[in-house]
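Visitor: I need the structure of the sequence given here:
(2 chains)
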Amino acid sequence: MKFLAIIGGTIREGFARKTILGMFIVSTACIIIAVLLFQLNAVQSGLLAPPKVQVQHGSNVTTQQFAGLTVLDGVWTGISMMLLLLCVFVGTFVTASFVTSLMEKGTIDLYLSKPVPRWQYIVGRYTGGVLIISAEVAYLIIGLWIAAGLSLGAWNPAFLWSILFITVAFAGIYSLVTLFGVLTRSSWFAAIIALAIYILGAVIIPLGLFLDRLLNGFSTEGILTSVAKGIKYTIPSNSLGNSLAHILVNKPADLAPLFITLGLIAIYVSLSSFAFSRKEF
Amino acid sequence: MDIALAADGISKTYGKGSKAVHALRDVSLSVSSGEIFGLLGKNGAGKTTFIKCVLGIVFTQSGQGSVLGYPFGSVHAKERLGYLPENHRYPLYLTGEQVLTYFGKLSGISEPKLSQRIDETLKIVGMAEWRKTKVRKYSKGMMQRLGLAQALINDPQLIILDEPTDGVDPVGRKEIREVLLHLKNEGKTIFLNSHLLSEVERISDRVAIMDLGKIVREGRVEDLTKTENIYELRVSNISPEILSSISSLIVRTDGTLVEIRCNSPEDLNLAMDHLRSAGGIIESMAPKRSSLEDVFVDLIKTSNVTHV
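Guide: Below you'll find the model as predicted:
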């Protein structure tokens, strides 16, 4: 019950901030706009048509169709990718202070005087932050999915996987924010460092290859690329977007990034809890 | 009598090397169950650090401590302990009642007992009519009262209060004093941390005076404030002739008040006999007491504790 009280307190703190309520209002506006757009005949026929790509071979231009897919599947993929990045970049800043506000002077003494093990505060605050963002994501995605289903008759269940992947992507970065928040007590610093690491995860292998070629003259993978690959496995939320995109267009998806991120979340939240339990205030 | 809180040789240093600050130095004290114990000291004397050690908010470097039979910082001890920190802050978007609900749940109290405790504590601190008001509208005094209610929410055996009357007006202070005495009558142990000496003097059974992280004096308030061998006599029908009979003993006179120094009860009785035989009428006699403030200032001035 104490743990649930911490989660409930975090969610309440979240809704006391206008930004999170604002995000729900924006999501509602998006759903309403989608419902209105889906009523237009041109939009309906366009979204339900198979996607076509024009390919040029010399002077001949041919049109290639993707069987079994619709333009709507592509739209879902685009929305999911955009939402994933929004949640990682905006959600991180919106929720970063949940952990650091716990450690503010005048507040932390109150919390630590209660019969609650310290780790529960960190895990509870972290869970509260993730629940808020997952509720935002679920609200928007389910809203859009129902709107499309009722208006177009297109009930692609794969789109619902976005809720899981986007939530895990956010949760992965948020675990880093939590760790740096505990260590530095600065929400902005923690968010910036975590996002810098996330961006590093996207460029580290190409960077390793580039440095290998530049410094060692390797034409293939060298030591630096191998090191970069090793580092990549310590950065959560990497390649989740690729896996989700594959699922949305009915391609075989690599689920390893999902499980790696879940494992890294467990590690970083545990480290955060440990650091918090050793910290003096 | 049970010991509610005991510290034996507690030391705590912040920082390292030349920047080290010795916040607590070999602090030993004990607080019996059912008493009001006051920890006194200047700002920065180490009072709050000591409380933080008790609660496990900071960790001791040496020494041993127990609170309600458990080591310092124990979660089990905190189940039966209430704490009002100095400069406490509550979420401003909550009402007083919501604050108590939240911290009550963190204390492990579930419904329907929680609602009952909220009603009781708000009534005790005189905040019942403000329960639905957002904390952001509270004055400093109301915040202190809410803090006290928060500290009492789990019906604790030991209540630790850090500057409980800070920012409270004289009427509010009196009310808080009455609350603390009421709690003492209910058998609660109260550990009071304050630099408002007159407040502590009025309600504490025992006090410890801390200076630069060290306990420089500990004892019962009446023992600490008792002035050695000086007695105050109220004598009517007083005249210079009457006083001349005990002139060698007189320390000070002020109207009908005569202060005399006597090294033994026999000397005191003899002096009173002289006064009576010279025609003086003794209305009252009592050992002279200093205020706790006098004792405190003297101790701090003469304390040989130095910054390290």
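
Visitor: how about the single nearest residue of the stretch 151-281 of chain A relative to chain B, secondary structure?
Guide: Nearest to chain B in the stretch 151-281 of chain A, going by C-beta to the nearest C-beta, is residue A:280, at a distance of 4.2 Å. Just so you know, the C-beta spots here come from the backbone N, C-alpha and C atoms, and that holds for glycine as well. For residue A:280, the secondary-structure state derived from DSSP: H, G, I helix; E, B strand; the rest coil is coil.

Visitor: equivalent analysis for residue B:12, please.
Guide: In three-state terms, and counting by three-state DSSP, residue B:12 is strand.

Visitor: gap between it and residue B:163?
Guide: Applying C-beta to C-beta, to the nearest Å, the value for residue B:12 to residue B:163 is 20 Å.

Visitor: same check on residue B:33?
Guide: The separation that residue B:33 has from residue B:163, given C-beta to C-beta, amounts to 23 Å.

Visitor: around chain B, pick out the residues from the stretch 101-250 of chain A.
Guide: Within the stretch 101-250 of chain A, the residues that sit near chain B (C-beta under 8 Å from any C-beta of the partner chain) are A:104-117.

Visitor: so where's the stretch 101-250 of chain B shaky on pLDDT?
Guide: Regions of the stretch 101-250 of chain B meeting the criterion pLDDT under 70 are absent.

Visitor: quick one on the thing from earlier: so of the residues of the stretch 101-250 of chain A next to chain B, which ones are in strands?
Guide: For these, not one is inside strands, with DSSP state E as the criterion.

Visitor: can you tell me which of those are in helices?
Guide: Among those, the members falling in helices (DSSP state H) are A:108, A:109, A:110, A:111, A:112.

Visitor: what is the burial count for the fourth one?
Guide: For residue A:111, the number of neighbouring residues by other C-beta atoms under 10 Å in any protein chain shown comes to 18.

Visitor: element containing residue B:216?
Guide: Per DSSP states H and E, residue B:216 falls inside strand B:214-220.

Visitor: who touches that strand?
Guide: By C-beta atoms under 8 Å, 6 or more residues apart in numbering or on different chains, the surrounding residues in contact with strand B:214-220 are B:25-29, B:46, B:205-210, B:224, B:295, B:299-300, B:303, B:305.

Visitor: ok, of these, which come out buried?
Guide: The neighbour-count test (16 or more other C-beta atoms under 10 Å in any protein chain shown) applied to the contacts of strand B:214-220 identifies B:25, B:27, B:29, B:46, B:205-210, B:224, B:295, B:299-300, B:305 as buried.

Visitor: filter those residues down to the ones in strands?
Guide: Using DSSP E, B:25, B:27, B:29, B:206, B:207, B:208, B:209, B:210 are the members of the buried ones among the contacts of strand B:214-220 that sit in strands.

Visitor: beta partners of the fourth one?
Guide: According to DSSP bridges, the partner residues bridging residue B:206 are residue B:37, residue B:220.

Visitor: my read: residue B:36 touches residue B:207, true?
Guide: No - under the contact definition of C-beta atoms under 8 Å, residue B:36 does not touch residue B:207, with a separation of 9.3 Å.

Visitor: list the contacts of the residue of the stretch 101-250 of chain B found nearest chain A.
Guide: Proximity of the stretch 101-250 of chain B to chain A (C-beta to the nearest C-beta) peaks at residue B:105, 3.7 Å away. Applying C-beta under 8 Å, 6+ apart, one finds that residue B:105 lies in contact with A:1, A:2, A:4, A:5, B:114.

Visitor: having no further points to raise, I will conclude here.
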